[in-house]
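here you go, sequence then predicted model.
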Amino acid sequence: MTDDFPGDGIHLGAAELIALRPRCNALCLPFHQPTVSALAGAYRSRFRGRGVDFLESRNYQPGDDIRNMDWRVTARTGRPHTKIFQEERERPVLLVLDAAPSLFFGTRHCLKSVAAGRMAAAIAWAAVRRGDRIGAFLFAPGAHREIRPAGGRRGAMRVIQGLVEWLDPARIRDGMEPLSAALERVRHAVRPGSLVIVISDFFSLDETCNRHLSRLRQHNDVIGCQVLDPAEETLPAGRYPITDGRHTSLLDMAHAGGRRRFQAMSERHGEGPRKLFQKHQCDWVVMHTTDDPVEVLGRDLRVLVGRAA
């Protein structure tokens, strides 16, 4: 339970995220491409010449893949040359965190923004523990921040500092921006062969996400992580004042009709994003503000890793 976390549940603190590190040592992030060579590093790249570093050009030898011909050097020297690539030893893991205003909501234990930050930090520690590089794309209406992937404690601390600053309630930005805008930017910037983890409540999901998610999944492993508050799934009978910070209204759950409409809306909100991600063979994780992120990852990632093996 999240009662074990320090803080007020509203403001995310670096100390609580750093304290997660020892508990994340046993977590294992999934990867759907098998290891092929101890000399090539921990993971195999999805595509020859994609997600790898160019090493040198050398004379063409029988058996070399013609798709890797270095035509510039061939034309200059008059002799056929081929490009040699060196596979990365570290896989980039990219956290995509959608800090829409709806994330700054919570009725139990903490705001969804705090739960999302804890989940992201746990993933960061798990990534660097396994030798991966960790980076982040942080989004909010009209703003974004990119943290380039880096390895080790330094990489995790850069992400943690970014999370603390980005998820500060004092920085809430008004308005809504479709999630597709974030996915489009990520799709054009992410390096092929990466593990991309999208953390959001998915209230900003729109139809264009389908296209960008399909393209993103072609060259990367993708996991969707939906952060929910229990009150977004069920409410007892009653009338509840609600506000977006500017306007106030009354949510009427006193009558059966109102409860049915709320339940139907809740189910659509939960099922829509999950079906979209699974349509493109992306993995899916759900975390509530009452959950411990390490326990959720330990349970769900174990299933995902077993499925990928």
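Everything's here; your move. Numbering: from 1, shown residues only.

buried residues in the longest helix seen in the chain, which are they?
If you go by DSSP state H, the chain has its longest helix at helix 256-279. Neighbour counts using 16 or more other CB atoms under 10 Å place Arg259, Phe262, Ser266, His269, Gly270, Pro273, Arg274, Leu276, Phe277 of helix 256-279 among the buried residues. To be clear about C-beta, it is placed using only N, CA and C from the backbone, and glycine gets the same treatment.

from these, which two are the most distant?
Spatially, the most separated pair among those is Arg259 and Phe277, at 28.2 Å (CB to CB).

could you chop this protein up by domain?
2-24+90-308, 52-87 (automatic domain parsing).

and these: which comes nearest Pro30?
domain 2-24+90-308 (4.1 Å).

which stretches in the stretch 201-309 of the chain count as helices?
With helices called from DSSP state H, counting those that start in this stretch, the stretch 201-309 of the chain shows them at 209-219, 256-279, 293-308.

if we can go back for a sec, run the chain-centre distance for the longest helix of the chain.
Distance of helix 256-279 from the chain centroid (CA atoms, centre = their mean, to the nearest Å) equals 22 Å.

by how many degrees do it and helix 209-219 diverge?
On the basis of axes from the mean of the first three to the mean of the last three CA atoms, to 10 degrees, helix 256-279 is oriented at 30 degrees to helix 209-219.

Arg58 pairs with what?
Arg58 has these beta-bridge partners by DSSP bridges: Thr82.

contacting residues for it?
His81, Thr82, Ile84 (CB atoms under 8 Å, 6 or more residues apart in numbering).

gap between it and Ile66?
15 Å (CB to CB, to the nearest Å).

what does Ile134 give?
Taken as CB to CB, the span from Ile134 to Ile66 is 36 Å.

the more surrounded of these two?
Ile134 (31 against 8; other CB atoms under 10 Å).

can I assume that one sits in a strand?
Yes - applying DSSP: H, G, I helix; E, B strand; the rest coil, one finds Ile134 inside a strand.

isn't it right next to Gly155, touching?
Yes - between Ile134 and Gly155 a contact is recorded at 4.7 Å, counting by CB atoms under 8 Å.

mind checking the SS state of Gln161?
helix.

which residues does the residue lying closest to it once chain neighbours are set aside contact?
Leaving aside its sequence neighbours, Gln161 sits nearest to Ala14 (CB to CB, 6 or more residues apart in numbering; 6.7 Å). Neighbouring residues of Ala14 by CB under 8 Å, 6+ apart: Ile160, Gln161, Val164.

for Ala14, grab phi and psi.
Here is the backbone geometry of Ala14 (degrees, to the nearest 10): phi -60, psi -40.

roughly how far apart are it and Ile160?
In terms of CB to CB, Ala14 sits 6 Å off from Ile160.

same check, this time on Arg239
Taken as CB to CB, the span from Arg239 to Ile160 is 41 Å.

more neighbours: the two, which one.
Ile160 (26 against 11).

OK, contacts around that one?
Contacts of Ile160 by CB under 8 Å, 6+ apart are Ala14, Leu17, Ile18, Ala121, Ala124.

pull out the buried residues from stretch 194-214.
194-205, 209, 212-213.

may I have that stretch as CSV, with CA atoms only?
Output of stretch 194-214 as CSV, limited to C-alpha atoms (Å, rounded to 0.1, in the frame of the first residue of the first chain):
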residue,chain,number,x,y,z
SER,A,194,13.9,1.1,-27.6
LEU,A,195,11.4,0.1,-24.9
VAL,A,196,8.8,2.9,-24.7
ILE,A,197,6.5,3.1,-21.7
VAL,A,198,3.6,5.5,-21.9
ILE,A,199,2.3,6.6,-18.5
SER,A,200,-1.0,8.5,-18.5
ASP,A,201,-4.6,8.4,-17.3
PHE,A,202,-5.5,8.5,-21.1
PHE,A,203,-8.2,11.0,-20.8
SER,A,204,-6.4,12.8,-23.7
LEU,A,205,-6.5,9.7,-26.0
ASP,A,206,-7.8,10.6,-29.5
GLU,A,207,-8.3,8.8,-32.8
THR,A,208,-5.0,9.9,-34.2
CYS,A,209,-3.2,7.9,-31.5
ASN,A,210,-4.0,4.8,-33.5
ARG,A,211,-1.7,5.7,-36.4
HIS,A,212,1.2,7.0,-34.2
LEU,A,213,1.0,4.0,-31.9
SER,A,214,1.1,1.6,-34.9
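
okay then, goodbye and thanks.
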